[in-house]
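Trainee: What would the 3D arrangement of this be:
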Amino acid sequence: MEAAPKKSNPADSLTVNLLVEILRRLPVRSLCRFKCVSRSWYRLISNPHHRMPQTLAGFFYHSFNGERFPRRAHHFTNVTGKGVPFIYPSFSFLPVPSKDVVLRDSCNGLLLCTCYEPSPNDGNNFHYVVCNPATKKWLMFPGGNWDADCVRTARLGFDPTVSSHFHVIECVVDPSDDCVIGVKIYSSKTATWNFKESQSKWGDGVMLDDTSRSVFLNGFMHMLTYASGIIVVDMEGKIWRKIPMRGADLSGGSIHQTQGRLCLLNVDIHNPSNLSIWILEDHGSNKWTLKHTVSTMRLFRQKNIQFDGPGGYNVIAVHPECNLIFFVYGWDQTLMAYEVDRKVRVIRKLGRDCSGPYLPYVPLFLEQLAE
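Mentor: Residues are numbered from 1 along each chain as shown. Here you go, the predicted structure:
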């Protein structure tokens, strides 16, 4: 009796390039499931050179409630506000309890956390952890003591299109006047920290806005200050710059990256009810172009609403690929999205005990954090 002929798999006849083009058009959640189809598909989807879809999936944030244990809890909400969260933020894959994990920053699919370790003498010793929630890969390295004499503001720099290595920057602050005196830069390639003095490069009196997100773009870390514009440094501490902002027109705000350019959202000091959107057209000439202005009446149906204040509103992200701006608004921390020149959409209420940092998350299927 002849054996039944094997059924052919139509996917086997597809070339790698054609298969990649098909997979690129799938939703991110489906792509994650298809990694289980076969080893070849797993390698195909995990290969960063194939540039599978890496669009904004949602936001990490945390809540604090003194009437529960643990008091701190981590959360993730999809960018749509609907369905099962794309990531379950228990961080159970890390070697420390979730209650000891503090979210600090995110960059291109990786998260920067601090993990506190119990100590009989000092409970504030910690390690940094950079992890990939999509693959549950992580790398831990020494931090220090958060109650040391200098104040730390930690930022993560990572570009998977350039390298699988990442950098972490700590801004070292003089406790006497809260001004930046230097930066410590960690490289996952060398597994070392290097201190670079900054006063001769950025000048004196630079006070970092440590509540604002940073932007890692084209190999440079961009950080917002209170009165000195945007300070910029490369990951080797060789190139230092300041990008000025016109103080007569702009005050406070937040910086973001969208469509490969630096974006600034600011309240007009002459009309606090207007939110302005600026794009840095050219780093060499420091030329800002006003792209859009929108009133808080249109956004929230309320004119005299405070920017970056209790019960007011905060800009938490600009979509990296399209003209979408995300806010949290009001005492209930309502997550909202504004499509420029179009409509405002309420995503969901996060809750009164929720707070930032609200970290945007773009899934990354890179299996290793360092080569």
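
Trainee: neighbours around the residue nearest to V340 when sequence neighbours are not counted, how many?
Mentor: Of all residues not flanking V340 in the chain, N323 sits nearest, at 3.9 Å (CB to CB, 6 or more residues apart in numbering). For every residue, glycine as well, the C-beta is placed using N, CA and C. N323 has 16 neighbouring residues, counting by other CB atoms under 10 Å.

Trainee: now swap in V84 and tell me
Mentor: Neighbours of V84 under the rule other CB under 10 Å: 8.

Trainee: Likewise for the one 5 residues further on?
Mentor: For P89, the number of neighbouring residues by other CB under 10 Å comes to 21.

Trainee: what does G81 give?
Mentor: Neighbour count of G81, defined by other CB under 10 Å: 16.

Trainee: wouldn't it be in contact with A337 here?
Mentor: No - with contact defined as CB atoms under 8 Å, G81 does not count as touching A337 (9.1 Å).

Trainee: shared neighbours of these two, anything?
Mentor: I347 (CB atoms under 8 Å, 6 or more residues apart in numbering).

Trainee: ok, S276 to G351 distance?
Mentor: Distance of S276 to G351, computed by CB to CB, to the nearest Å: 30 Å.

Trainee: what about the two, which has more around it?
Mentor: S276 (19 against 15).

Trainee: what sits against the more buried one?
Mentor: Contact analysis of S276 by CB under 8 Å, 6+ apart lists 250, 265-268, 290, 292-293.

Trainee: With D105 instead?
Mentor: Counting by CB under 8 Å, 6+ apart, the residues that D105 touches are 111-112, 154-156, 213-214, 357, 359.

Trainee: if we go to 7 Å?
Mentor: The contact partners of D105, by CB atoms under 7 Å, 6 or more residues apart in numbering, come to 112, 154-156, 359.

Trainee: what's the burial count for I239?
Mentor: I239 - counted by other CB under 10 Å - has 12 other residues nearby.

Trainee: Excluding chain neighbours, what is closest to it?
Mentor: Nearest to I239 is V233, by CB to CB, 6+ apart, at 6.9 Å.

Trainee: Please identify the helix or strand for that neighbour.
Mentor: Secondary structure assigned from DSSP states H and E places V233 in strand 230-234.

Trainee: average pLDDT for that strand?
Mentor: For strand 230-234, mean pLDDT is 94.

Trainee: After that strand, heading C-terminal, what element do we hit next?
Mentor: strand 240-243.

Trainee: what sits up against that next one?
Mentor: Contacts of strand 240-243 (CB under 7 Å, 6+ apart): 198, 201-202, 228-233, 280, 286.

Trainee: Neighbouring strands - and their directions - for it?
Mentor: The strands beside strand 240-243 in its sheet (DSSP bridges) come out as strand 230-234 (antiparallel).

Trainee: Check the offset of the partner strand from the chain's centre.
Mentor: Going by CA atoms, centre = their mean, to the nearest Å, the spacing between the C-alpha centre of strand 230-234 and its chain's C-alpha centre is 17 Å.

Trainee: quick one: contacts of that strand?
Mentor: Residues contacting strand 230-234 (CB under 7 Å, 6+ apart): 183, 202, 206, 219-225, 239-243, 255.

Trainee: ok, of those residues, which come out buried?
Mentor: Among those, those buried by neighbour count (16 or more other CB atoms under 10 Å) are 183, 202, 206, 220-225, 240-243, 255.

Trainee: so of those residues, which ones are in helices?
Mentor: Assigned to helices by DSSP state H, the following of the buried ones among the contacts of strand 230-234 qualify: W202.

Trainee: Please produce CSV containing the buried ones among the contacts of strand 230-234, extended by pLDDT and distance to S164.
Mentor: Formatted as CSV, those follow (pLDDT from 0 to 100; distance: CB to CB, whole Å):
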residue, pLDDT, distance to S164
V183, 92, 23
W202, 90, 30
V206, 89, 32
F220, 95, 19
M221, 96, 18
H222, 95, 22
M223, 94, 24
L224, 92, 28
T225, 90, 31
W240, 94, 26
R241, 92, 27
K242, 91, 31
I243, 91, 29
I255, 93, 26
